[in-house]
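Engineer: give me the fold of what follows.
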Amino acid sequence: MKRETISFDVTVIGGGLSGICAAIAAARLGQKVALVHNRPVLGGNSSSEVRVWVCGATGHGVNRYARETGIMGELFIQNQYRNPEGNPYLWDVTLLEAVRAEPNLTLFMNTDVREVEADGEKNARIIRSVKGWMMGSEREITFESEMFLDCTGDGLIGFLAGAAYRIGREARHEFGEEWAPDVADDITLGSTMLFYTKDTGKPVRFVAPSFAKDITTTSIPIKRVIRSGDSGCHYWWIEWGGELDTVQENEQIRDELWSVIYGIWDYIKNSGKFQAENMTLEWVGSIPGKREYRRFLGDTILTQNDVISQRPFEDRVAFGGWSIDLHPPQGMYATESGSKHLHADGIYHIPFGCLYSRNVSNLLFAGRNISASHVAFGTTRVMATCAVMGEAAGVGAALSVIKGITPRELREQHLTELQQTMLRTDASIIGLHNVDSADLARKGTITASSTMTQIWINEPSEEYRLVADVGWLFPVEGRFEGLTLLVSAREATSLTIELWDTGRPENYVPANFKQALHIQINEGEKQWLDVPADRAMFGGDPCNVFIIVRANEAASLYTSAVPVSGVLAFERGVKPIVSSDLEDHQPDQPIIEWSMKGLVRKPFCFAVETGAYSPDKVINGYVRPFGGPQLWVSEPIANGREEWIEVKLPEPVDIREIHLTFNDDVNEDLINLHHHETPFLIIPELVKTYEVQAYINGEWVRLVGDSHNRARKKIHRLENPIQSKRIRVVIKETHGGDRAEVIEIRLYDSHR
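Structural biologist: Below you'll find the model as predicted:
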């Protein structure tokens, strides 16, 4: 046996998405990082070993402008381009390459950590080292570090270190949570195993193994949806173990899940109720995908009320948006719905105080083991949300090491630096803006070759009969002018049009009624209808206007195949319910009542003049939509004309680093496996070909550029500084969009 001790600044245990993002984030801040994982592939529940799809704040298209950015965003975009079919093995490769690309990060796979050296009193513990056994290599490795991150899911490292934690459900009275039980208990969400099928093109027999369960003796055929063509995550409801200890009784849970999978397949193949003669099993999972076990206690415990009220924590470092999604304790054998869902009106915020231990001074955590109540955990547990928390924990760990302080001291004394560091790397924070005093661009004035001042969607593709209420949303800044919409009427009629605001800047549902108009329409096709809205009722701050057109079967609107950034269309009454037996969405939730799923990238034809796309947006500090799209948009790029946007500084300065953030439409839902496939490999609005120029000695000089860009965030570090007071970005080509769109420009005189 080879015994060795290795020292790192930060050690991350657990190579799921939260651990991957934590390790990459800390490594990018210059720290020497060990990522220790006990499996042969990365990704945890999302890996080819388990194959749960990566859900996040979009809620499969329920939330708007909610796709994660930062490191998780990079992984989504890379996978979309390389693996649009959702091959789970290619997802493994995407994750492995992302980790291996970081020179400060050392990966230890097949390494199971089961010993922790920690000391100190109960309320003031500190981890000195952890010890892992590398299977197959017979290496016993001791990892010494200043900071440790428990991203194991089950929370083994924190448990061995003596970190305070909980298992099970809190009583309703503790946090005043409506969805909590009256009495606390040890019940958790259960575990799931999945299976894949394929059509062989010829008849295939199936002889069930002896342990296959006869599911006709259970409630499964009655209360769960079984279809011969489904596989993978369609069977998320094959869940069990919520009334057991999901760690101590893991093997029993696995065997029960196996018995049901093979029993379901026996039922599909041999009951005669399905068209499955040519189908066979392609893959069956062998590792239960766990949902819940230990939840550590931090200085903040996130609760149901924080999520639903969208509490804007002062120390927010991430966001989520998946519904509070709780499952019955009996799992697949329950006679009630397989899940129940409660949604906020938009995304919610996650504070840094949930990501470090209240009693182990150098322990952070991310993933399903963060400091949250059982009910709040029902939303934070999904993997893309775990990933953005991982990035925040990794940044927090790195800054704590750099400053020689604890994560608690970082939160108390250096919160702004933590948040600004994350914003600089395009992390998933909403509602905070850049206040970095080192960013020279903030002192400049911005001009552009052109600016879109009018939304004019005038290329109809399909007629849309108003058999139900519809809506759409567009951004304004102060007053707006010339609101019109394209309509047809089969007879003279009156159209009822309402204007609403969205309340919170991060929300995209009608919140406060502003005005109702009843407008007469003459019989006829494709008429531009004037909407005499009160232009001053939305005030002067940037915001979104939500238009509702009430149902009128005598009238039609028109959808367009040409999307516009900042414009969303909605249908009312479309429920995202797979089956009433599988999902129970609580009624009267605006975000469910108004669905954009059927109208993604299909806006209604209308026109309005607005100042929401002005050039100064690139230095206003926001890198995500918030009360508007927060980006500069040019007029259409025509006849090969180049568009540009320029930062003019008060005086010449040395510039060593240039940050650019391009629009990649964070409203577009991406997925790593088979949920859906976009019609494009790269977001069309994203800039493809550009160059950065500096005005030197009376002429524009090319500094850097890219002719095949696929990234939202680009950082150019110059080997030698250039001195100039004028920098411009010239956009020559996009990946299909007809306008240049830039979110942010930053300039630094030193490498950040």
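Engineer: how many other residues sit next to residue 502?
Structural biologist: Counted with other C-beta atoms under 10 Å, the neighbours of residue 502 add up to 22. Placement of C-beta: from N, CA and C, glycine included.
Engineer: hang on, isn't it packed against residue 510?
Structural biologist: Yes: the pair residue 502 and residue 510 qualifies as a contact (C-beta atoms under 8 Å) at a distance of 6.9 Å.
Engineer: tell me the secondary structure at the closest residue to residue 528 other than its chain neighbours.
Structural biologist: Once flanking residues are discounted, residue 528 sits nearest to residue 484: 4.9 Å by C-beta to C-beta, 6 or more residues apart in numbering. Here residue 484 is strand, with the state taken from DSSP: H, G, I helix; E, B strand; the rest coil.
Engineer: how about residue 417?
Structural biologist: helix.
Engineer: and the nearest residue to it once chain neighbours are set aside, what's its pLDDT?
Structural biologist: Leaving aside its sequence neighbours, residue 417 sits nearest to residue 399 (C-beta to C-beta, 6+ apart; 6.8 Å). If you check residue 399, the pLDDT there is 98.
Engineer: and the pLDDT at the residue nearest to residue 528?
Structural biologist: We have a pLDDT of 97 for residue 484.
Engineer: contacts only, for it.
Structural biologist: Contact analysis of residue 484 by C-beta atoms under 8 Å, 6 or more residues apart in numbering lists 528, 529, 530, 531, 606, 607, 608.
Engineer: please convert the buried members of those residues into ChimeraX selection syntax.
Structural biologist: In ChimeraX, this line selects whichever of these come out buried by 16 or more other C-beta atoms under 10 Å:
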select :529,531,606,607,608
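Engineer: related to what we said a few turns ago, which neighbours do residue 502 and residue 510 share?
Structural biologist: residue 546.
Engineer: thinking again about what came up before, where does the residue nearest to residue 417 land in three-state SS?
Structural biologist: Going by three-state DSSP: residue 399 is helix.
Engineer: give me the neighbour count for it.
Structural biologist: Neighbour number of residue 399 under other C-beta under 10 Å is 21.
Engineer: that one and residue 409 touch, don't they?
Structural biologist: No: the criterion here is C-beta under 8 Å, and residue 399 misses it with residue 409 at 10.3 Å.
Engineer: sorry, back to before: in strands, which of the contacts of residue 484 fall?
Structural biologist: 528, 529, 530, 606, 607, 608 (DSSP state E).
Engineer: where exactly do the strands run in the stretch 301-450 of the chain?
Structural biologist: Secondary structure of the stretch 301-450 of the chain (DSSP state E, counting those that start in this stretch): strands located at 316-320, 324-326, 339-342, 348-351, 363-365, 445-448.
Engineer: find the nearest non-adjacent residue to residue 460, please.
Structural biologist: Using C-beta to C-beta, 6+ apart, the closest residue to residue 460 is residue 558 (3.6 Å).
Engineer: cool, and residue 496?
Structural biologist: Using C-beta to C-beta, 6+ apart, the closest residue to residue 496 is residue 550 (4.1 Å).
Engineer: dump the residue contacts of the one you found.
Structural biologist: Contacts of residue 550 (C-beta under 8 Å, 6+ apart): 466, 469, 495, 496, 497, 498.
Engineer: same thing with residue 420?
Structural biologist: 434, 435, 436.
Engineer: tell me the buried residues within those residues.
Structural biologist: Burial by neighbour count, judged by 16+ other C-beta under 10 Å, picks out 434, 436 from the contacts of residue 420.
Engineer: tell me which of the contacts of residue 420 is nearest to residue 321?
Structural biologist: residue 434 (22.8 Å; C-beta to C-beta).
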